[in-house]
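Enquirer: fold the following for me, if possible:
(chains A and B)
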Number of protein chains: 2
Amino acid sequence: MNIYRANIIYTPSPDAFRILPGGYVCVREDGIIAGVYEQLPEQYRTAEVTDYGDRLLIPAFNDMHLHAPQYRNLGLAMDLELLPWLNTYTFPEESKFKDTAYAERIYHRFVHELWMQGTMRSCVFATVHPEATRMLADFFVQAGLGAKVGIVGMNRNCPDTLRNTAEEVVRDTRALKQYLDVHGNNGLVGTIVTPRFIPSCTEDMSAALGRLAEELQLPVQSHLSENRSEIDWVQSLEPDTACYGEAYYKYGLFGQRPTLMAHCCYTDGEELRLMKRQGVYVVHCPTSNSNIASGMAPVRMFLQHGIPVVLGSDISGGHYVSMLRIIQYAVQTSKLIYAQTQGKMPFLSLSEAFYLATKAGGGFFGKVGSFEEGYEFDALLVDDSYLNYDNYTLEQRIQRYIYIGDDRDIRVRFCRGKELTEPPMD
Amino acid sequence: MNIYRANIIYTPSPDAFRILPGGYVCVREDGIIAGVYEQLPEQYRTAEVTDYGDRLLIPAFNDMHLHAPQYRNLGLAMDLELLPWLNTYTFPEESKFKDTAYAERIYHRFVHELWMQGTMRSCVFATVHPEATRMLADFFVQAGLGAKVGIVGMNRNCPDTLRNTAEEVVRDTRALKQYLDVHGNNGLVGTIVTPRFIPSCTEDMSAALGRLAEELQLPVQSHLSENRSEIDWVQSLEPDTACYGEAYYKYGLFGQRPTLMAHCCYTDGEELRLMKRQGVYVVHCPTSNSNIASGMAPVRMFLQHGIPVVLGSDISGGHYVSMLRIIQYAVQTSKLIYAQTQGKMPFLSLSEAFYLATKAGGGFFGKVGSFEEGYEFDALLVDDSYLNYDNYTLEQRIQRYIYIGDDRDIRVRFCRGKELTEPPMD
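Expert: Next up is the predicted model:
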């Protein structure tokens, strides 16, 4: 049993931070939390305790939507909307990942950055290239991080250098699953069915991926209702569907298996009802939605409808890897909607957004993202002493860390109970 | 003559970055730029050159609206709208600045942070307290930073602990001006007439401050049309004015002297025409406007009308001191407006927002914020080598630095030609 003492802060529910000043978390050898306590229970009185003093211990972050091969473009290429952005900047960059030497270099940095920013789990789009994608999965395994890594399926409206066939993506996803069943660090790293989005996938490809998800019992990730021009395009490509979401649904890619749909800026009406019925997750990506001028996703409305919402950095549409920043933007975006609706749509509280980035997203991986008995111990030890120069309360300290702290403040990172060392950058 | 060689990047106009790879800037002993060159002119061939190699040399930032006494609340207290936010969090904190020992501690940290973040000039609200405000001005002088520091005038709708009279604010502002005329580092630090906002100022106080600005030839700063409830309140307090801005105008506080008005989220119609006619500056504070759920200022519309726009961090309504972040939020906010207007309102380009944070704001201080002959040399030397791992172009490097760089990357800071050392934090 490993026992850690620190100021423990987490969100078992969205409505408030649970704060244990100088509390204890007891973690079994298999990385599962045995208990969280204000006082150390009698049975552990003689056990060794790692005392982190006045530092903060918080759940690590879960990034539920991001594109590993866009890492080089972080902070670049934000002068276009989605569709020209894809063609001008993103597809050319992703095409480079046919070259495994290039992929190795960028993916090492990408995984290093997730480690640095305290993102212990993520759902990742790779590219159509199976070699580079397996390498990316290997880097996650080597780093000790959790991830669901998807080989992207795309066979229309894309450059020839970034295209696979339905047969290829099925074959390659199956092979990646078999590989990771053996080498995926006891399920920490796995794969996920990843049609890019409806405009990139013919009916044959969508149908093949839906069947594959069912056969291999894999989750699904894609994009939905991000941008107005995209939605119009989907309507013209799939004229017999009532909404964009239905175009996934009819191929088994919309909640038949656990499904993440990024963005949903314009989801309402029929699509909203279908998401709710199917239990489809909204992955809210607020930095991306502002950077490529998509709009503002109605997160409060989704929550009011009981639709599960999680958060994503969506790099490189989003420019920040740190989930601290995504939490903050989620709150801010909801406040702009609040202002525009003259208060009718309540904004997200900070604890609510923190919950989305920890326990809500973690639910996609199992019992992850909270400090409760039976949960996997994914945690960050934060030294905020330079921010705490005036006896701030612990509630204030977590607020300040989220808003103005950064990767410099993270001292120790745990994933499934294991303290992670720094992975290689080059 | 001091001659610096680096990759020089600045915005003489908003439409593009001017980039001189391995260029030279020649700075006279008085801190004024003699010239900027791609090749070193013949006359300087024998002069000593400080060679900064592959680093970036950019204009330093100008923060045109922020509240020094709210520094302790950075990252806190963002669960309320403007008016309850003022009463619940902000006025109680500002009241503490009667205590000069407290003021000394917080203001040292505040000035240190401006230095750290590369903000060489700022227009600052202090409090009603003359001793603490003079101390703040002294800290700016000691640090070598430029600032216009205002004693706040407020005599209604505020706690007794944070209230002065018209006579007091006039007397104290006059005394501060006289002090800084002598001790203000050759005009680098001065004062500015600072009515808090219409709801805080009786007619007598507003009229007295308007006369003072005229008599002492001082600029003016205040708040305008930030929040809907605030605007309604002003309308009830000043029922015979056509708009909020007119309530300043009639007291000589709206462009009769150079005037900064923060926020302007809801300015249109008569107020827009009055601002344009009077040449009043909009200080756009996008982080604050989202944090306290105010709304989105229509910056493109202001620019289309020829109204001068500059940027402000507005701490602690805003949570970031770094103007890098304010530039980024200004672009992002304009993109959300672009999305909502379905492209009718073009978003800000990155060079445009950088211009607002450098040359546009700098214009309020004289010839500041650009690398042109006759300009004061305010500059930051940036080491972005960790971001430049793949032969990015200089245009890409400045984009990445703005979006994903931070204070860690700033190696040298110049204000009016002088290289600044780190000021004390405690």
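Enquirer: can we go C-alpha only for contacts and neighbour counts from here?
Expert: Fine.
Enquirer: tell me the SS of the residue nearest to residue A:293 when sequence neighbours are not counted?
Expert: Counting by Cα to Cα, 6 or more residues apart in numbering or on different chains, residue A:293 lies nearest to residue B:335, which is 4.8 Å off, once chain neighbours are set aside. Under the three-state scheme (DSSP: H, G, I helix; E, B strand; the rest coil), the conformation of residue B:335 reads as helix.
Enquirer: so which bits of the stretch 301-426 of chain A are right by chain B?
Expert: Residues of the stretch 301-426 of chain A found near chain B, taking Cα under 8 Å from any Cα of the partner chain as the criterion, are A:319-320, A:332-333, A:335-336, A:338-340, A:349, A:390, A:396, A:399-404.
Enquirer: those residues in helices, which ones?
Expert: Among those, the ones falling in helices (DSSP state H) are A:332-333, A:335-336, A:338-340, A:396, A:399-404.
Enquirer: which residue is most remote from the mean position of chain A?
Expert: In chain A, residue A:46 marks the outermost C-alpha relative to the chain mean, sitting 39.2 Å out by Cα atoms, centre = their mean.
Enquirer: give me the pLDDT for that one.
Expert: Confidence per residue is given as pLDDT, and for residue A:46 that number is 92.
Enquirer: near chain B, which residues of chain A show up?
Expert: Of all the residues in chain A, those in contact range of chain B (Cα under 8 Å from any Cα) are A:72, A:74-76, A:79, A:290-296, A:319-320, A:332-333, A:335-336, A:338-340, A:349, A:390, A:396, A:399-404.
Enquirer: can you tell me which of those residues are buried?
Expert: A:72, A:74-76, A:79, A:290-296, A:319-320, A:332-333, A:335-336, A:338-339, A:349, A:396, A:399-404 (16 or more other Cα atoms under 10 Å in any protein chain shown).
Enquirer: mind listing what residue A:335 touches?
Expert: Contacts for residue A:335 (Cα atoms under 8 Å, 6 or more residues apart in numbering or on different chains) come out as A:346-348, B:290-294.
Enquirer: ok, it to residue B:46 distance?
Expert: Here the distance between residue A:335 and residue B:46 works out to 59 Å (Cα to Cα, to the nearest Å).
Enquirer: against which helices or strands is whichever strand or helix holds residue A:136 packed?
Expert: Counting by DSSP states H and E, the secondary-structure element that holds residue A:136 is helix A:130-143. Counting contacts by 3 or more Cα pairs under 8 Å, 6 or more residues apart in numbering or on different chains; DSSP states H and E, helix A:130-143 is packed against helix A:100-117, strand A:146-150, helix A:166-183, strand A:189-191.
Enquirer: can you add mean pLDDT and give those back as CSV?
Expert: Output for the helices and strands packed on helix A:130-143, formatted as CSV (pLDDT from 0 to 100):
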stretch, mean pLDDT
helix A:100-117, 98
strand A:146-150, 98
helix A:166-183, 98
strand A:189-191, 98
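Enquirer: save the ones you listed as JSON lines, and put in distance to residue B:258 and mean neighbour count too.
Expert: Formatted as JSON lines, these follow (distance: least, Cα to Cα, whole Å; neighbours: other Cα atoms under 10 Å in any protein chain shown):
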{"stretch": "helix A:100-117", "distance to residue B:258": "44", "mean neighbour count": "20"}
{"stretch": "strand A:146-150", "distance to residue B:258": "56", "mean neighbour count": "28"}
{"stretch": "helix A:166-183", "distance to residue B:258": "64", "mean neighbour count": "19"}
{"stretch": "strand A:189-191", "distance to residue B:258": "60", "mean neighbour count": "27"}
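Enquirer: residue B:273 is nearest to which of those?
Expert: Distances from residue B:273 to each of the helices and strands packed on helix A:130-143 were compared using Cα to Cα; the minimum, 47.2 Å, belongs to helix A:100-117.
Enquirer: what angle do that closest one and helix A:130-143 make?
Expert: Using axes from the mean of the first three to the mean of the last three Cα atoms, to 10 degrees, the inter-axis angle of helix A:100-117 relative to helix A:130-143 is 30 degrees.
Enquirer: what angle do whichever helix or strand comes after helix A:100-117 and strand A:146-150 make?
Expert: On the C-terminal side of helix A:100-117, the closest following helix or strand by DSSP H and E is strand A:119-125. Computed with the same axes, to 10 degrees, the direction of strand A:119-125 lies at 10 degrees from that of strand A:146-150.
Enquirer: tell me the strands beside strand A:119-125, with direction?
Expert: The strands that strand A:119-125 pairs with in its sheet are strand A:61-67 (parallel), strand A:146-150 (parallel) (by DSSP bridges).
Enquirer: closest one to residue A:26 among the ones you listed?
Expert: Smallest distance to residue A:26 across the strands paired with strand A:119-125 (Cα to Cα): 19.8 Å, for strand A:61-67.
Enquirer: now the closest one: how far from the chain's centre is it?
Expert: For strand A:61-67, the distance between its averaged C-alpha position and the chain's averaged C-alpha position is 2 Å (Cα atoms, centre = their mean, to the nearest Å).
Enquirer: quick one: average pLDDT of that strand?
Expert: Per-region confidence: strand A:61-67 scores 98 on mean pLDDT.
Enquirer: which parts of the stretch 301-426 of chain A are strands?
Expert: When secondary structure is read from DSSP state E, counting those that start in this stretch, the stretch 301-426 of chain A shows strands at A:309-311, A:379-382, A:410-415, A:418-419.
Enquirer: give the other helices and strands that the second one contacts.
Expert: This points to strand A:379-382. strand A:49-59, strand A:410-415.
Enquirer: now do the buried residues in the first one.
Expert: By neighbour count, and taking 16+ other Cα under 10 Å as the criterion, the buried residues in strand A:49-59 are A:49, A:52, A:54-59.
Enquirer: quick one: strands adjacent to that strand?
Expert: Using DSSP bridges, strand A:49-59 pairs in its sheet with strand A:2-10 (parallel), strand A:379-382 (antiparallel).
Enquirer: any idea which of those strands is most buried?
Expert: The densest packing among the strands paired with strand A:49-59, expressed as mean neighbour count by mean count of other Cα atoms under 10 Å in any protein chain shown, is seen in strand A:379-382 with a mean of 25.
Enquirer: now do that one: everything it contacts.
Expert: When contacts are taken as Cα under 8 Å, 6+ apart, the neighbours of strand A:379-382 outside the stretch itself are A:55-60, A:118, A:409-415.
Enquirer: redo those as a markdown table? Include distance to residue A:363.
Expert: Supplementary listing: the contacts of strand A:379-382 in a markdown table, determined by distance: Cα to Cα, whole Å:
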| residue | distance to residue A:363 |
| --- | --- |
| A:55 | 26 |
| A:56 | 23 |
| A:57 | 20 |
| A:58 | 16 |
| A:59 | 13 |
| A:60 | 13 |
| A:118 | 17 |
| A:409 | 26 |
| A:410 | 23 |
| A:411 | 25 |
| A:412 | 23 |
| A:413 | 19 |
| A:414 | 17 |
| A:415 | 15 |
